[in-house]
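>>> just to be clear, the model below is a prediction. Sequence and coordinates:
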Amino acid sequence: MSAAPDHRSAPEPRTRDTAGLIDTYVGALATDDADTALTTLSPDAVFQSPFHTWTRRHVPSVFRARGRAFGELRVGSVLRDRDRALVLWRATVDGAPVEGAELVSISDGAIGRIDVFLR
């Protein structure tokens with residue numbers, strides 16, 4: 001007697017690439033590794049914060065400034081969808097607690113947009 005065919009489909013390669021991309025970005029965020037985070041971005045990436053919208057040219061300095069501004073950053077949760085993830089984190093600014101959420105959007109195998117929300 002032969003086994004029944006397995007009709008479950010394997011994840012699409014793009015889905016696996018997206019998961020790895022998000023993992024790399026979140027790991028870099030958690031360890032304040034701006035250089036690694038920047039490798040996940042598309043050449044025309046946009047970083048939208050409550051303060052300003054930056055394009056790829058300015059994003060490296062924004063990522064490095066974020067590392068200096070936020071202390072003790074701890075990623076709490078990562079909620080994933082096919083081409084987006086919501087990264088929830090906590091940090092401090094001059095000892096005061098801050099909560100952040102980043103909506104990370106992926107397009108064509110790279111992060112194309114990061115929208116940051118703070119409270």
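Cool, the structure landed. Numbering: from 1, shown residues only.
>>> state the mean pLDDT of stretch 37-44.
Computed over stretch 37-44, the mean pLDDT rounds to 91.
>>> my bad, stretch 26-34
pLDDT averaged over stretch 26-34 gives 92.
>>> got the buried residues for it?
V26, A28, L29, D32, D33, A34 (16 or more other Cβ atoms under 10 Å). The C-beta positions use only the backbone N, C-alpha and C, and glycine is treated the same way.
>>> the third one against V87, yeah?
The reference is to L29. Yes - contact criterion Cβ atoms under 8 Å: L29 and V87 qualify, at 6.7 Å.
>>> who touches both of these two?
V75, E102 (Cβ atoms under 8 Å, 6 or more residues apart in numbering).
>>> in its sheet, what does the strand ranked longest in the chain sit against?
Of all segments of type strand in the chain, defined using DSSP state E, the longest is strand 96-107. Applying DSSP bridges, strand 96-107 is found paired with strand 84-93 (antiparallel), strand 110-118 (antiparallel).
>>> for F47, find the nearest of these.
strand 110-118 (5.1 Å; Cβ to Cβ).
>>> quick one: which of the strands paired with strand 96-107 is nearest W54?
strand 110-118 (9.6 Å).
>>> for the closest one, buried residues please.
I111, G112, R113, I114, D115, V116.
>>> good, wrapping up.
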